[in-house]
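In: only geometry, no sequence info:
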């Protein structure tokens, strides 16, 4: 039962470097999400994909891009990393957006930018 | 815009105590509300989901209620155990929109 798988689990970058965080789900879910979690700020939505072929901005999209590669995979890219993007990033999926079914989360990627 | 608030931010109780975690939301047109558990260094695990047509959901020692008119949900944990120590988050959606999360309540159950 893999559920939502995120890679890598840990990463250290230098300011200005680029990186792509990968996420895949095996539950045939239509909707996928990227969040960041910071101390005292809770979970904030970066981008989401309600269905394959669509993406929408969340609360904090600046500095990020996303790609819904297919129904299973949703990647998050930092084009030019900044120290303010040091955070724990979570990918999640659900049957649909606003569904009556629970949302499932990966274990997170811990990203440090020096 | 839906806003979700959880008070208190942290709570410490002795083992065996019954406790209530609170969640409030601003938009009464809530479609469903979910309670999650997060252990340190881990992702979120869904505990209970209450649809707008429901008043409560139960799973084992956990009971979650939803009162749309007052904009509140509670998570009741009976006979708390040290293994219940974690951060508990609530999140709501008003329809075809992503979940909006509260900042969580960090629970410590002391043996």
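Out: Arrived safely. Predicted, not measured: the structure shown is a model, and the values here were computed from it.
In: contacts and neighbour counts: CA atoms only from here.
Out: Fine.
In: Enumerate the residues of chain B near chain A.
Out: B:31-32, B:34, B:41-46, B:49, B:51, B:93-99, B:101-104 (Cα under 8 Å from any Cα of the partner chain).
In: try it again with 6 Å
Out: Taking Cα under 6 Å from any Cα of the partner chain, the part of chain B that reaches chain A is made up of B:42, B:43, B:44, B:93, B:95, B:96, B:97, B:98, B:103.
In: What subset of these is buried?
Out: B:43, B:44, B:93, B:98, B:103 (16 or more other Cα atoms under 10 Å in any protein chain shown).
In: Give me the subset of the residues you listed lying in strands.
Out: Counting by DSSP state E, the part of these found in strands is B:44, B:93.
In: can you name the two of the buried ones among the residues of chain B next to chain A that are farthest apart?
Out: B:43 and B:93 (19.7 Å; Cα to Cα).
In: export the residues of chain B next to chain A to a markdown table and tack on pLDDT?
Out: Listed next are those as a markdown table, based on pLDDT from 0 to 100:
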| residue | pLDDT |
| --- | --- |
| B:42 | 90 |
| B:43 | 91 |
| B:44 | 94 |
| B:93 | 88 |
| B:95 | 77 |
| B:96 | 77 |
| B:97 | 83 |
| B:98 | 88 |
| B:103 | 95 |
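In: a markdown table for these, including distance to residue A:21?
Out: Putting the residues of chain B next to chain A into a markdown table (distance: Cα to Cα, whole Å) gives the following:
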| residue | distance to residue A:21 |
| --- | --- |
| B:42 | 17 |
| B:43 | 16 |
| B:44 | 18 |
| B:93 | 26 |
| B:95 | 28 |
| B:96 | 26 |
| B:97 | 23 |
| B:98 | 20 |
| B:103 | 24 |
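In: which residues does the residue minimising distance to the centre of chain A contact?
Out: Among the residues of chain A, the one closest to the centroid is residue A:34, at 2.7 Å (Cα atoms, centre = their mean). Counting by Cα atoms under 6 Å, 6 or more residues apart in numbering or on different chains, residue A:34 makes contact with A:46, A:47, A:90, A:91.
In: can you pick the most crowded of these?
Out: Greatest neighbour count in the contacts of residue A:34, by other Cα atoms under 10 Å in any protein chain shown, goes to residue A:91: 30 neighbours.
In: so the nearest residue to that one once chain neighbours are set aside, which of the three states?
Out: Nearest non-adjacent residue to residue A:91, counting by Cα to Cα, 6 or more residues apart in numbering or on different chains: residue A:34, 4.6 Å away. The three-state label given to residue A:34 by DSSP: H, G, I helix; E, B strand; the rest coil is strand.
In: What's the separation between residue A:34 and residue B:2?
Out: As defined by Cα to Cα, to the nearest Å, residue A:34 lies at a distance of 19 Å from residue B:2.
In: try residue A:90
Out: In terms of Cα to Cα, residue A:90 sits 21 Å off from residue B:2.
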